[in-house]
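> below are the sequence and a predicted model; questions follow.
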Protein chains: 4
Amino acid sequence: MTEPQATGGDGSEAAPKGNPARRALLLDAALRVLDRKNIIDATVDDVVQEAGVARGTFYIYFKDKYDILMALSDRLNEQLFESSHLRLDRHTPPFERIRISLRAVLDAWTQHAGLYRSLTQMALGRADFLELNQRNRAVFLRQIRSDIERSIDRGHAKPINPAVTAKALAAMMDWLCLLWFGLGEEPYPNATGDLDAVADTLARLWYRVVYASDPAQPEAEALAGL
Amino acid sequence: MTEPQATGGDGSEAAPKGNPARRALLLDAALRVLDRKNIIDATVDDVVQEAGVARGTFYIYFKDKYDILMALSDRLNEQLFESSHLRLDRHTPPFERIRISLRAVLDAWTQHAGLYRSLTQMALGRADFLELNQRNRAVFLRQIRSDIERSIDRGHAKPINPAVTAKALAAMMDWLCLLWFGLGEEPYPNATGDLDAVADTLARLWYRVVYASDPAQPEAEALAGL
Amino acid sequence: MTEPQATGGDGSEAAPKGNPARRALLLDAALRVLDRKNIIDATVDDVVQEAGVARGTFYIYFKDKYDILMALSDRLNEQLFESSHLRLDRHTPPFERIRISLRAVLDAWTQHAGLYRSLTQMALGRADFLELNQRNRAVFLRQIRSDIERSIDRGHAKPINPAVTAKALAAMMDWLCLLWFGLGEEPYPNATGDLDAVADTLARLWYRVVYASDPAQPEAEALAGL
Amino acid sequence: MTEPQATGGDGSEAAPKGNPARRALLLDAALRVLDRKNIIDATVDDVVQEAGVARGTFYIYFKDKYDILMALSDRLNEQLFESSHLRLDRHTPPFERIRISLRAVLDAWTQHAGLYRSLTQMALGRADFLELNQRNRAVFLRQIRSDIERSIDRGHAKPINPAVTAKALAAMMDWLCLLWFGLGEEPYPNATGDLDAVADTLARLWYRVVYASDPAQPEAEALAGL
DNA sequence: GATGAATGAGGCTTCATTCAT
DNA sequence: CATGAATGAAGCCTCATTCAT
């Protein structure tokens, strides 16, 4: 199903050549283009016009439009990593932990929907982007899975296959957010103005999956979370 | 983000032109092509070569490659509708109902993964395919949602936003299956040989979401369901 | 400049094969099509759809769309010949003769503008249609020329090259009518509702060319002509 | 027939993209192609082969073959405008004025017959080219008409509808020249070697139309004009 | 480095014409 | 004769990529 590969980006990050400001200019332009168009319809021309540089300049910095998409993905990952210092308190109760994490996911999507949409679209069609996608999800998957395993170990719930469950929950968030932020399909009318409420619902759903019960005092916890 | 649309699928189903057998030949060929390639990389030429007909023949039956993709979607929907006579017994217990339904979903995906993948890819890039996608999901969404609402009404579980929950569960299945069958990413190694086990896990997960508890005697119920 | 020829039509009219009614049906359909479209844009499909017959039927009666255009031209010539019995009285004065003839030309154009337009368009691009066009004009040219020569012989006017003058006058009528009836460019606003007035002006113009003077009592003559 | 109207088409004269020399190369090539073929049969491929450039190059400079035809028309208009400095002396007698003008028209046609032919062919089939054609003729029409009106005002001739007369005379020249130079149909054998004689005849014809008489001393004037 | 004109492969689509039924 | 599906040649046009300045 998949086709030729263009770009690497598998960790062996050689120092990008050329003027870094120019490179950033192109990356930003590409990001704006991807908010308007999807990667399939976007052309190198769209990007250079948006950036206000010449056609050939693009090829100094990037191999093709897929290469710049990879670069955007890499840049986003770096940004997310840097901003993930806001760690959760060791004593935060489980429901809160889930809720806060999911809320952060929703936030990330609101800001990078266009990019995620194009990355997803490419993952559906090319092996290298599928791998990128899998790498990006791997960290979250592992975390979800270990949460589930810990819950089972502690006897909170009857066993459930952690691999399947983790994948299913991750898939749920990915696709729900893609439909919502990437394609404009809100879970319910005007949900976008009410991210907290949706995060709360999703967290409860998630809690039920992991603990096979509702959180102890959901209302209290929810209030405490505000 | 999306561009001008070419193909309709707007319900105005005129009697298809030409020889129905030829039309079917092309549809089947396109289906095989979409198992190998995604819709973006596929060309009209791929389809006519696979079908063994002349270039121009394609355009007797379809407007372009997106039109034949729509037609494949329509045909699949008709097939699914016809084969959905296997209704569930009125007295099937909830967990069993869920498990059997999810198992049917997995089956459908194993057989039509290539088509689903391309339909999804198009939904990410074109408004008309997004609408098609939404129409196709609408029936399932309504059913899931009414199950949840009924469960809440009967006091089985504390209230949870049914709209969000239904969307989330549907999204979960869609994306999990797309990753699995459409992109070869198994939930765990060799999961594909063990669809029943995965269906069981997913059903339990689903049950937990709806009822905030584990099914009474999952093993017994599972046995009874065989 | 010209390209391959398809059709003959050089006088050796073999009896048209097939059902004459069918043939006429196609000719009429083609005529209607040529009122809407020019011959370049018209397709065989347009004609058979207008006629309500199958595609292949066309090729039983005609070689291609140029062949049917030739046939339309031939049919029109036959019709014009048959309806040209209304001969002019031997004693009609010159101005009247001119006026009545030109009026007849205008009438013919109002009725066959679409056909004439397409015939002209083809004459601009293909040698065979140019020849057809020349044959069709030849009769008129000879008549105009002999009128001029007679006028010179009788000493009505100082000599003027009859070949050039005849060609110029014929060209004048052809192109004026093509612009007017074929392309909707009226000589003045609402001229089409007042063909007699235009015919009168053109006749006076024509008279001046041939006789280098105005007709003796144009008003009287005009009245006499009614 | 044509005249100083710099811009054609849509009036939005952005600075033409790309290398002007390349653009001129393509224009020249197209002109040569249009001497051999008419615009209908000509293809973009013909032009690029004649120019010796790649297919895609054409599309940098022109939208399609009709666009380059419009551009050729515009360029010709500019050229004619620049070379129209040779103004007539204020005291040139009427017949001379007419003769010299018509002679100039004949000259223009001898040099640009292929282009005029294709422009005419397009005017028969497309509204935008008809408008272009009308714009190009408008200046001449106005001039002819005002000459006629002036003649009438001065009592040179009995009144004749100036709108119709002007259109008719313009049509006469256009179609005569198109037949002659564009389609090779000479007014009489070897007329092309004797443009002055034809111009003289046409001028006399024209004079008769406007003044309803022959010029005072045609022979003397003609001699003076040589 | 930066430019942007030039390239040409590759896909799309129409439509005249044939031919088996 | 009539049909209309099938054919495939012929043009169109876009866009990723190169390269001389």
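Good, I have the coordinates.
> can I assume residue A:55 is in contact with residue A:48?
Yes: using Cβ atoms under 8 Å, residue A:55 is in contact with residue A:48, at 5.4 Å. For the C-beta atoms, the positions are set from N, CA and C on the backbone; glycine is no exception.
> these two: who's more crowded?
Each of residue A:55 and residue A:48 has its neighbours counted (other Cβ atoms under 10 Å in any protein chain shown); residue A:48 has more, 20 against 11.
> buried residues in stretch A:146-153?
A:147-148, A:151-152 (16 or more other Cβ atoms under 10 Å in any protein chain shown).
> an error on my part: the question was meant for stretch A:48-56.
Buried-residue list, stretch A:48-56, by 16+ other Cβ under 10 Å: A:48, A:50-51, A:53.
> now what about that stretch, what contacts it?
Where contact means Cβ atoms under 8 Å, 6 or more residues apart in numbering or on different chains, the residues beyond stretch A:48-56 that reach it are A:22, A:25-26, A:28-30, A:32-33, A:44-45, A:57-58.
> now do it, average pLDDT.
The pLDDT scores in stretch A:48-56 average 96.
> ok, now stretch A:166-180?
For stretch A:166-180, the per-residue pLDDT averages 98.
> quickly check: it near chain B or not.
Yes: Stretch A:166-180 comes into contact with chain B (Cβ under 8 Å from any Cβ of the partner chain), by way of A:167-169, A:171-172, A:174-176, A:178-179.
> would you turn those into JSON lines with neighbour count and secondary structure?
Listed next are the residues of stretch A:166-180 next to chain B as JSON lines, based on neighbours: other Cβ atoms under 10 Å in any protein chain shown; DSSP: H, G, I helix; E, B strand; the rest coil:
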{"residue": "A:167", "neighbour count": "27", "secondary structure": "helix"}
{"residue": "A:168", "neighbour count": "23", "secondary structure": "helix"}
{"residue": "A:169", "neighbour count": "27", "secondary structure": "helix"}
{"residue": "A:171", "neighbour count": "24", "secondary structure": "helix"}
{"residue": "A:172", "neighbour count": "26", "secondary structure": "helix"}
{"residue": "A:174", "neighbour count": "22", "secondary structure": "helix"}
{"residue": "A:175", "neighbour count": "24", "secondary structure": "helix"}
{"residue": "A:176", "neighbour count": "26", "secondary structure": "helix"}
{"residue": "A:178", "neighbour count": "23", "secondary structure": "helix"}
{"residue": "A:179", "neighbour count": "24", "secondary structure": "helix"}
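> dump the buried residues of stretch A:146-153 to TSV, plus distance to chain B and pLDDT.
Shown next, in TSV, are those (distance: Cβ to the nearest Cβ, whole Å; pLDDT from 0 to 100):
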residue	distance to chain B	pLDDT
A:147	14	88
A:148	10	90
A:151	12	84
A:152	12	88
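> right, quick check: the longest helix along chain A against chain B, any contact?
If you go by DSSP state H, chain A has its longest helix at helix A:94-123. Yes: if you take Cβ under 8 Å from any Cβ as the test, helix A:94-123 does meet chain B, through A:114, A:117, A:120-121, A:123.
> which residue does chain A bring closest to DNA strand F?
residue A:64 (3.0 Å; Cβ to the nearest atom of the strand).
> correct me, but that residue touches residue A:44?
Yes: at 7.1 Å, residue A:64 counts as touching residue A:44 under the criterion of Cβ under 8 Å.
> more crowded one of these two?
residue A:44 (16 against 13).
> which residues does the more buried one contact?
Taking Cβ under 8 Å, 6+ apart as the test, what residue A:44 contacts is A:55, A:58, A:64-65.
> now do 7 Å
A:58, A:65 (Cβ atoms under 7 Å, 6 or more residues apart in numbering or on different chains).
> break down chain A into its helices, ranges please.
A:20-36, A:44-51, A:55-61, A:65-82, A:94-123, A:127-153, A:162-177, A:195-211, A:218-225.
> worst mean pLDDT among those?
helix A:218-225 (a mean of 48).
> show me chain A divided up by domain.
Domains of chain A are assigned by automatic domain parsing as A:20-64, A:86-225.
> so of these, which one's packed in deepest?
domain A:86-225 (a mean of 18; mean count of other Cβ atoms under 10 Å in any protein chain shown).
> and the gap between the residue lying closest to residue A:61 once chain neighbours are set aside and residue A:42?
Nearest residue to residue A:61 in three dimensions, chain neighbours excluded: residue A:23, at 4.9 Å (Cβ to Cβ, 6 or more residues apart in numbering or on different chains). As for residue A:23, its distance to residue A:42 is 18 Å (criterion: Cβ to Cβ, to the nearest Å).
> count the neighbours of residue A:75 for me.
16.
> pretty sure it is touching residue A:24, no?
No: assessed by Cβ atoms under 7 Å, residue A:75 is found out of contact with residue A:24, at 8.7 Å.
> pLDDT wise, what is residue A:90 at?
Reported pLDDT for residue A:90: 72.
> next, residue A:37: phi, psi?
Note on residue A:37: backbone dihedrals following degrees, to the nearest 10 are phi -120, psi 160.
> now swap in residue A:160 and tell me
phi -150, psi 140.
> ditto for residue A:185
phi -100, psi 100.
> what does chain A put close to DNA strand E?
Proximity of chain A to DNA strand E, by Cβ under 7 Å from any atom of the strand, involves residues A:17-19, A:22, A:53-57, A:59-60.
> repeat the analysis, applying 10 Å as the threshold.
A:16-23, A:25-26, A:44-45, A:48, A:51-61 (Cβ under 10 Å from any atom of the strand).
> go back to the residues you listed and keep what's next to DNA strand F.
Among the residues of chain A next to DNA strand E, DNA strand F is touched by A:44-45, A:48, A:54-60 when using Cβ under 10 Å from any atom of the strand.
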